[in-house]
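[1] Sequence first, then the predicted structure:
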Amino acid sequence: MDHRLARSHLMMTSRRGASGGKREAWRQREDVQVRSLPVAGIADGDQGLPADVFARVVIPLLPVDDAVRLQVVGKAYGTQLIHEEFLLHRISSSLAQQQPTGLIDVERDRGVDAAAPPLPPSLSRFGYLARCAYVIERAAEWRMMAAFIRVASACGVGRPLPLVLSAERVAAHLPDKASFHRLPAAMAVNKIFGHVYGGDAHLTEDGGAHLTEAGRAGTFVAALPTRPLVQLLTAAVYFFYLVGCAWLLLSSTLDCYHAVRSGRLSDRTILCWLAALVLSILAGGLILLFAVAFGLQMAWVLHHRRRAVQWYRLGERRFRVIGRDELWHLNPFIRRTCRDTDPPVSCDFSSNHHIYRSFSEFALDTLLQRLGYRGRGNVVLDVTVGLRHAGYRALLQNDLSGKSDMFVIDLQVELWREPPGLHVPMRIVGLLLGGGSVVASVSLYEGQIVVRTSEAVVADGATVGERFPVTVAAVRQLLRSLGLENEAVGLLP
């Protein structure tokens, strides 16, 4: 009961004496103290929760960083509950929940096995395992991590599985929690697991496919105003512009009607109305065309600005995170799936910009691009079926998620940035075949279907189906369900 009275006393005291910034600081201090009360109560022999019940019910609900903090706050028996075995259990549980079991692991015996190298001087065994547990829990924000690692392995650019998060890599990339949160969670985890690309043996001349910062540089972005006064002025400009366009449209319609009524057809009612209608439609069409063209130019002036942004590099590709205030966040393409922990990105690609719904999809597409760069990808099919084909539209737009052996990458190709702008949708459907030993991609762009695979060519195969039996069988099954088999795979020799 003592710890309950102490909790009540703390809450009453905070209500009486807290105000402004001091109140918030007191609440944070109170939160830590309240968490430690059951711990201290049990240690002192009070009738609180037993340690085994507290360990089974309360601690599993805490994030790893809070659990580690609890060990420091509740010194009485914190070391009995928050220890190295607890962290190893949390790591195994997180891996099981995220389904990368067998793909990722930690050095479980490092620091206790005399045959293993010693830990870096900056890390204890507890600190190493705590950092690993935190990163693996946060890896849930990298939505395609398991697919990414499996594709890297199938492409032949990754290390042997499971991918081990070494103590040296943790010490180099995660000295503290703040260094992890400098980047969105998906990007931070990707950077820590950068050795999935194969390390030094697979580096390219420009530094490989590791995530690196490429410095700040200016670029044009379309952004919403963030200052209240500018927001109000922008809304006023749009309001008066729309009112002016509506007034011009209405007045032109009335002028057309009066002009016809005072002309030669004034004594013929039906012809008069028809002529007025035709003239009104023509005048209204010209006004609307002018209004849209001028409105796009006005929007360009109001929203496009040059801004210094942070650029990053992943392999040969340079990209940036699309800011929360940019107009892309109003586009349903991004708005449906946007998350701050896995943000949309814009990539410079040749003369065009590629807009990805998330960093996860961008990283996976970069990996598939490297498959082509390294000559490990064979083109199985390249055929045009047309944009109007119902099966092609279904494959381009339908939700294909939910299958462990399939992943989808959606992006927009920005062909023209000036108003009115031109963006063309593109989709890449990835297939993991042969128990994860083969990766195939089906690319959809402008009515064209291109199939690539990492499957080794069967030397004595006469037809494409015989040279790539695993890939062609899987692609046939996918396209058959959408009515595309005859127009696409049926054309193969």
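    Thanks, I have the structure now.
[2] Every contact and neighbour count from this point should use C-alpha atoms.
    Will do.
[3] Could you verify my assumption that Leu129 touches Leu87?
    Yes - taking contacts as C-alpha atoms under 8 Å, Leu129 lies within contact range of Leu87: 6.2 Å.
[4] just checking, Ser441 touches Thr453?
    Yes - using C-alpha under 8 Å, Ser441 makes contact with Thr453 at a distance of 6.4 Å.
[5] So which of those two has more stuff around it?
    Set Ser441 next to Thr453 and count neighbours by other C-alpha atoms under 10 Å: Thr453 wins out with 29 against 26.
[6] Remind me which helix or strand the residue nearest to the more buried one when sequence neighbours are not counted belongs to.
    Once flanking residues are discounted, Thr453 sits nearest to Ala440: 4.1 Å by C-alpha to C-alpha, 6 or more residues apart in numbering. Using DSSP states H and E, Ala440 sits in strand 438-445.
[7] Then Trp311?
    Using DSSP H and E, Trp311 falls in strand 304-314.
[8] Partner strands of that strand, with direction?
    strand 211-222 (antiparallel), strand 317-321 (antiparallel) (DSSP bridges).
[9] Can you tell me which of those strands is most buried?
    strand 317-321 (a mean of 19; mean count of other C-alpha atoms under 10 Å).
[10] Residues contacting it from elsewhere in the structure, which ones?
    214, 309-313, 343-349, 366 (C-alpha atoms under 8 Å, 6 or more residues apart in numbering).
[11] can I get these in CSV with distance to Leu288?
    Compiled in CSV, the contacts of strand 317-321 are given as follows (distance: C-alpha to C-alpha, whole Å):
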residue, distance to Leu288
Ala214, 44
Val309, 36
Gln310, 39
Trp311, 40
Tyr312, 42
Arg313, 43
Pro343, 36
Pro344, 34
Val345, 34
Ser346, 32
Cys347, 35
Asp348, 35
Phe349, 35
Thr366, 42
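[12] Let's see if you can find the most crowded of those residues.
    Counting neighbours by other C-alpha under 10 Å, the top entry in the contacts of strand 317-321 is Pro344, with 27 neighbours.
[13] quick one: the strands in the stretch 101-250 of the chain?
    Ranges of strands in the stretch 101-250 of the chain, per DSSP state E, counting those that start in this stretch, are 104-106, 163-165, 211-222.
[14] Could you name the helices and strands sitting against the first one?
    Yep, that's strand 104-106 we're talking about. Strand 104-106 is packed against strand 163-165, with contacts defined by 3 or more C-alpha pairs under 8 Å, 6 or more residues apart in numbering; DSSP states H and E.
[15] State the distance from the residue nearest to Thr453 to Asn378.
    9 Å (C-alpha to C-alpha, to the nearest Å).
[16] Between these two, tell me which one has more neighbours.
    Neighbour totals were compared for Ala440 and Asn378, and Ala440 leads with 30 against 17 (other C-alpha under 10 Å).
[17] centre of the chain versus the host helix or strand of Gly285, how much separation?
    Under the criterion of DSSP H and E, Gly285 resides in helix 269-303. Distance, stretch centre to chain centre, for helix 269-303: 41 Å (C-alpha atoms, centre = their mean, to the nearest Å).
[18] buried set for it?
    272-273, 275-277, 279-281, 283-284, 287-288, 291, 295-296, 298, 300, 303 (16 or more other C-alpha atoms under 10 Å).
[19] and if you look at stretch 83-96?
    Buried, per 16+ other C-alpha under 10 Å, within stretch 83-96: His83, Glu84, Phe86, Leu87, Leu88, Arg90, Ile91, Ser92, Ser93, Ser94, Leu95.
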